[in-house]
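> next one to model:
(one chain, ligands or ions: 2)
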Amino acid sequence: MHAVSHSAVLPNLNRHRFSPSRSDIQILNRATCHSDCNKATSQVSLFLSPGLADRRIGSRSLVCRAFSSVDASTYNGVALESSSHAAEEKVGVLLLNLGGPETLDDVQPFLFNLFADPDIIRLPRLFRFLQRPLAKLISTLRAPKSKEGYASIGGGSPLRKITDEQALALKNALEAKGLSSNLYVGMRYWYPFTEEAVHQIKRDRITRLVVLPLYPQFSISTTGSSISVLEQMFRDDSYLSRLPVSIINSWYQRKGYLKSMADLIEKELENFSEPKEAMIFFSAHGVPVSYVENAGDPYRDQMEECIFLIMQELKARGINNEHTLAYQSRVGPVQWLKPYTDEVLVELGKKGVKSLLAVPVSFVSEHIETLEEIDMEYRELALESGIQNWGRVPALGLTPSFITDLADAVIEALPSAAAIYAPDTTRSDDMDDPVKYFVKMFFGSIFAFMLFLSPKMISAFRNHII
Ligand SMILES: C=CC1=C(C)c2cc3[nH]c(cc4nc(cc5[nH]c(cc1n2)c(C)c5CCC(=O)O)C(CCC(=O)O)=C4C)c(C)c3C=C
Ligand SMILES: [Fe+2]
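Residues are numbered from 1 along each chain as shown. Ligands and ions are numbered 1, 2, ... in the order given. I've put the predicted structure just below:
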């Protein structure tokens with residue numbers, strides 16, 4: 001069990017530019033705007049190159065260093081006084097999510113957006129021009145496999161619909177608690193893009209904003225990436241840079257979330273003929289090991305603490321089932337967090353585990369990785385491996401206790417909203433150090449060369465390695 005680090009060094013997210021290029025393919029034509037993030041520093045991809053990742057936190061990064069039960073960050077740490085002009089306040093709540101292709105034709109451009117994200121693939125400065133060609137190559141290679149997955153769950157991702165429903169439910173829950181608010185949905189890789197949501201917030205002249213990523217645990221690749229987009233937009237805009245904002249970086253420690261998860265698990269265990277015999281199998285979306293070990297991503301620590309807290313809640317209810325945590329959905333040629341879900345399922349089967357309850361734990365809506373990967377691929381693998389009784393806990397979705405808890409999180413975060421001010425000037429750049437720059441360039445060149453030429457690399461992107 002990893003303790004949550006209260007001094008975890010998080011990445012400096014203060015580094016991207018929002019600069020969509022005119023020539024960009026159809027995604028940009030359809031989007032109001034789209035994050036290009038072309039000003040990545042000279043660091044090598046976190047995703048592709050463990051060991052060379054090196055990110056520092058700026059003193060004014062939107063992501064704070066400390067974690068608390070509502071891990072909310074404000075821009076300058078100065079809480080605005082609780083306004084005597086509350087009646088004039090126009091509160092906005094921005095839900096951040098990943099987004100997913102709505103049709104099979106959307107799959108490749110969606111994957112392009114994902115792989116064009118420098119928080120997913122980061123290249124040395126000199127190779128920045130490769131970001132989009134590389135994203136194009138990888139998305140094209142991966143699209144057939146990914147399309148198969150989306151085809152098997154009805155031809156597209158349910159994420160937009162579910163997130164919209166969650167937004168409406170949250171609006172109503174806030175209303176019931178006496179807070180009138182405007183809800184916005186901002187997706188990182190598909191419609192409605194985060195940039196569109198921010199433009200709407202601006203048009204609506206919101207006076208106070210709470211940003212709530214729909215990921216219980218923080219990762220550089222999810223919440224961090226979305227916040228990078230916001231940071232860039234907010235810094236460059238006179239209205240947005242003054243808007244009081246509170247960002248809830250992670251919220252897996254909240255009692256309401258833990259209880260809601262425990263409720264779902266308890267209910268699902270009852271479907272087994274011998275509920276006490278079922279192993280509770282937490283399956284989290286993985287990230288490359290380099291995120292955690294080189295870039296200071298708190299994701300693994302938070303995930304482990306999250307599982308511990310859910311189990312504590314279950315134990316308090318007299319539920320003492322065995323449990324385990326594994327990581328799913330790895331992509332590409334690098335090491336991801338272990339143990340891998342597929343390998344653990346096979347091992348458990350060999351060890352004689354007969355009943356297993358799968359619990360998706362990094363996401364709060366159904367999506368391709370629950371509906372296809374867990375319900376189809378992993379279920380089949382588990383049954384082949386000797387596990388006889390299989391169950392799966394549904395994602396939290398619109399569970400009322402969960403939505404109510406999100407509403408509480410928003411209300412608790414509101415008073416600490418504070419305005420953004422000057423960008424971080426304390427940050428140093430590898431470009432300032434010619435030796436470091438040369439070393440990175442050298443290894444970056446070799447790496448880029450290998451990537452383009454190695455059939456092994458290509459096949460690693462083409463398939464989920466499961
Ligand atoms: C906490 C959740 C998630 C983390 C962490 C995460 C990291 C991560 N993901 C990829 C690559 C892909 N992810 C894909 C889909 C996808 N990812 C998440 C969540 C997390 N990703 C969700 C909810 C979804 C599904 C969206 C939907 O349409 O329903 C995909 C596309 C599907 C596929 O081809 O498998 C890719 C690719 C990386 C590389 C990464 C960390 C670096
Ligand atoms: Fe993912």
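> from here on, contacts and neighbour counts on C-alpha atoms
OK.
> longest helix in the chain, please.
helix 131-152 (DSSP state H).
> run the chain-centre distance for that one.
19 Å (CA atoms, centre = their mean, to the nearest Å).
> give the buried residues for it.
Across helix 131-152, burial judged by 16 or more other CA atoms under 10 Å covers 131-132, 134-144, 146-147, 149-151.
> list the buried residues of the helix or strand that that helix is followed by.
On the C-terminal side of helix 131-152, the closest following helix or strand by DSSP states H and E is helix 159-176. By 16+ other CA under 10 Å, the buried positions in helix 159-176 come out as 159-160, 162-163, 166-174.
> and for stretch 120-132?
Ile120, Ile121, Arg122, Leu123, Pro124, Arg125, Arg128, Gln131, Arg132.
> in a strand, the first one, correct?
What it means is Ile120. No - the assignment for Ile120 (DSSP: H, G, I helix; E, B strand; the rest coil) gives coil, which keeps it out of a strand.
> right, and it touches Leu114 too?
Yes - Ile120 is within contact range of Leu114, at 7.1 Å (criterion: CA atoms under 8 Å).
> quick one on the thing from earlier: the longest helix of the chain near ligand 1 anywhere?
Yes - applying CA under 6 Å from any ligand atom, one finds helix 131-152 touching ligand 1 at Ser146.
> mind giving me the packing neighbours of whichever strand or helix holds Ser283?
Using DSSP H and E, the element containing Ser283 is strand 279-285. Applying 3 or more CA pairs under 8 Å, 6 or more residues apart in numbering; DSSP states H and E, we find strand 279-285 packed against strand 323-328, strand 355-360.
> in JSON lines: the ones you listed, plus mean pLDDT, distance to Gln232 and mean neighbour count.
Converted to JSON lines, the helices and strands packed on strand 279-285 look like this (pLDDT from 0 to 100; distance: least, CA to CA, whole Å; neighbours: other CA atoms under 10 Å):
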{"stretch": "strand 323-328", "mean pLDDT": "98", "distance to Gln232": "31", "mean neighbour count": "20"}
{"stretch": "strand 355-360", "mean pLDDT": "98", "distance to Gln232": "32", "mean neighbour count": "25"}
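> let me have those in JSON lines, extended by distance to ligand 1.
What follows is the helices and strands packed on strand 279-285, written out as JSON lines (distance: least, CA to the nearest ligand atom, whole Å):
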{"stretch": "strand 323-328", "distance to ligand 1": "10"}
{"stretch": "strand 355-360", "distance to ligand 1": "10"}
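> would you turn those strands into TSV with distance to Tyr257?
Output for the helices and strands packed on strand 279-285, formatted as TSV (distance: least, CA to CA, whole Å):
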stretch	distance to Tyr257
strand 323-328	18
strand 355-360	14
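> Gly186: which of those strands is closest?
Of all these, strand 355-360 sits nearest to Gly186, with 22.4 Å by CA to CA.
> cool, thanks, talk later.
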